[in-house]
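Q: I'll drop the sequence and a predicted model, then ask my questions.
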Amino acid sequence: GESVGLHLPTLSVQEGDNSIINCAYSNSASDYFIWYKQESGKGPQFIIDIRSNMDKRQGQRVTVLLNKTVKHLSLQIAATQPGDSAVYFCAENWGSTGRRALTFGSGTRLQVQP
Amino acid sequence: NAGVTQTPKFQVLKTGQSMTLQCAQDMNHNSMYWYRQDPGMGLRLIYYSASEGTTDKGEVPNGYNVSRLNKREFSLRLESAAPSQTSVYFCASRVSQGADTEAFFGQGTRLTVV
């Protein structure tokens, strides 16, 4: 099947700066997307999601943008903090009716420099 | 509220041995998933169960079997472990495969096959 991929494997930012993590997806039938954060030794944790009928969704310090024309997803983190250091994954929901599942990209490691 | 619980947390197997990874969720979710995560990689879907009584292959099912024991429990079995199955295994659950909702993850089982 088609898969989700990421442009940048590692992103290093200064504390207080804004971070942008990108994701390219290839399955045009995907209609729901999630960003997850994974800290070392832990399972992925939900950050924010977006449906394909939306272009933008905002949460607390995070914003997800969806561009269906170029099949691109991004996660923006405002005022990045040391606690944001982790690996970030985008995931897309795909599959046949009654058999849908989330598939993940390879991840981007975010390093926040104090 | 425990969420998704996986056992064991760590396991070392010899090549050819068999074992079963256990997963249970207490959120009354219909859908459950097994993923593996290799070092520096994203999560790859092994098997999933969209609803009690159904199981389907994911991206990397070879060498594994699953059982949806009941609505709460979804186990993953390695019949004859191989070094290539050394990985961290994550179980996840969702309200249902058709709903645009997040998947909740367990803390993972770190498996080493020697």
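A: Cool, the structure landed.
Q: now do the SS call for B:S84.
A: Secondary structure for B:S84, judged by DSSP: H, G, I helix; E, B strand; the rest coil, is helix.
Q: got the contact list for it?
A: By C-beta atoms under 8 Å, 6 or more residues apart in numbering or on different chains, the residues touching B:S84 are B:G63, B:V113. Backbone N, C-alpha and C define where each C-beta goes, glycine included.
Q: for chain B, what are the nearby residues on chain A?
A: Chain A comes close to chain B at residues A:1, A:31-32, A:34, A:41-46, A:49, A:51, A:89, A:91, A:93, A:95, A:97-107, as judged by C-beta under 8 Å from any C-beta of the partner chain.
Q: which stretches of chain B have low pLDDT?
A: Applying pLDDT under 70 to chain B flags residues B:1.
Q: now do the contacts for B:R110.
A: Contacts of B:R110 (C-beta under 8 Å, 6+ apart): B:K9, B:F10, B:Q11, B:V88.
Q: ok, now which ones touch the closest residue to B:E79 other than its chain neighbours?
A: Once flanking residues are discounted, B:E79 sits nearest to B:S18: 5.2 Å by C-beta to C-beta, 6 or more residues apart in numbering or on different chains. With contacts defined as C-beta under 8 Å, 6+ apart, B:S18 is in contact with B:R77, B:L78, B:E79, B:S80, B:A81.
Q: if we go to 7 Å?
A: B:L78, B:E79, B:S80, B:A81 (C-beta atoms under 7 Å, 6 or more residues apart in numbering or on different chains).
Q: so how far is stretch A:107-114 off the chain centroid?
A: Using C-alpha atoms, centre = their mean, to the nearest Å, we find the averaged C-alpha position of stretch A:107-114 to lie 14 Å away from the chain's own average C-alpha position.
Q: that older thread, drop anything exposed from the contacts of B:S18.
A: Among those, the ones that count as buried by 16 or more other C-beta atoms under 10 Å in any protein chain shown are B:L78, B:A81.
Q: closest one to chain A out of the contacts of B:S18, please.
A: Distances from chain A to the contacts of B:S18, taken as C-beta to the nearest C-beta, are shortest for B:L78 (19.9 Å).
Q: quick one, phi psi at that closest one?
A: Dihedral angles of B:L78 (phi, psi; degrees, to the nearest 10) stand at phi -110, psi 110.
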